[in-house]
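Engineer: This is a predicted model, with the sequence first.
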Amino acid sequence: MKIYRLETIQNLPISQSEAWDFLSDPKNLKRITPDYMGFKIVSGAAERMFAGQIIQYVVTPLLNIPTTWVTEITHVEEGNYFVDEQRFGPYDLWHHKHFIKPIEKGVEMIDIVDYKIPFGVLGRFAHPLIVAPKLKEIFEYRKKALIELFGPYPL
């Protein structure tokens, strides 16, 4: 069994509370997801994030095929971090940690995704060709979208 990890770090020129307000609202996920993903929240996003929250989405990550994705928010420490885990969807395992730390002139946001893809050997073959590049592309889009929303971090 192979478990993969994707880590991203991004600094933004906003306060920890501004970052939390944006990231803890599930409806904002659409704003930082590429349009081609066809991202649509079906249920569970009417409230601010809380531990135990179930959110159902439909996405079209490959070949324009709609895929149902159900996640649970399993851990929340107000203002600092939250964890979402897939309960149903395209991965055998999806565990995504979101951290927000104050830094000079803003915040540092860290995403750590541990995931396992299905289909055994075929999945391991597809990982470097399809899955890893697609995930990197999605998170790069997210970084650019956040810069458009909040501005670049001063160097």
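Structural biologist: Looks like it arrived, so ask away.
Engineer: Quick check: the gap between the residue nearest to residue 4 when sequence neighbours are not counted and residue 123.
Structural biologist: Once flanking residues are discounted, residue 4 sits nearest to residue 115: 5.5 Å by C-beta to C-beta, 6 or more residues apart in numbering. Bear in mind the C-beta positions are built from the backbone N, C-alpha and C, glycine included. As for residue 115, its distance to residue 123 is 11 Å (criterion: C-beta to C-beta, to the nearest Å).
Engineer: ok, now residue 99?
Structural biologist: From residue 99 to residue 123 the distance is 28 Å (C-beta to C-beta).
Engineer: which of residue 115 and residue 123 has more neighbours?
Structural biologist: It is residue 115, of residue 115 and residue 123, that has more neighbours when counted by other C-beta atoms under 10 Å, with 20 against 16.
Engineer: related to what we said a few turns ago, please identify the helix or strand for the residue nearest to residue 4.
Structural biologist: strand 106-116 (DSSP states H and E).
Engineer: Mind listing the strands that strand pairs with, and their directions?
Structural biologist: Here strand 106-116 has these sheet partners by DSSP bridges: strand 4-12 (antiparallel), strand 93-103 (antiparallel).
Engineer: ranking those by burial, who's on top?
Structural biologist: Ranked by mean neighbour count, the strands paired with strand 106-116 are led by strand 93-103 with a mean of 17 (mean count of other C-beta atoms under 10 Å).
Engineer: Dump that strand to PDB, restricted to CA.
Structural biologist: Below are the C-alpha coordinates for strand 93-103, written out as PDB (Å, rounded to 0.1, in the frame of the first residue of the first chain):
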ATOM      1  CA  LEU A  93      -7.600   7.700   1.400                       C
ATOM      2  CA  TRP A  94      -7.800  11.500   1.600                       C
ATOM      3  CA  HIS A  95      -6.600  13.200   4.800                       C
ATOM      4  CA  HIS A  96      -6.100  17.000   4.300                       C
ATOM      5  CA  LYS A  97      -4.700  19.200   7.100                       C
ATOM      6  CA  HIS A  98      -5.000  23.000   6.800                       C
ATOM      7  CA  PHE A  99      -2.800  25.100   9.100                       C
ATOM      8  CA  ILE A 100      -2.800  28.900   9.500                       C
ATOM      9  CA  LYS A 101       0.000  30.500  11.400                       C
ATOM     10  CA  PRO A 102       0.600  34.200  12.000                       C
ATOM     11  CA  ILE A 103       3.900  35.500  10.600                       C
END
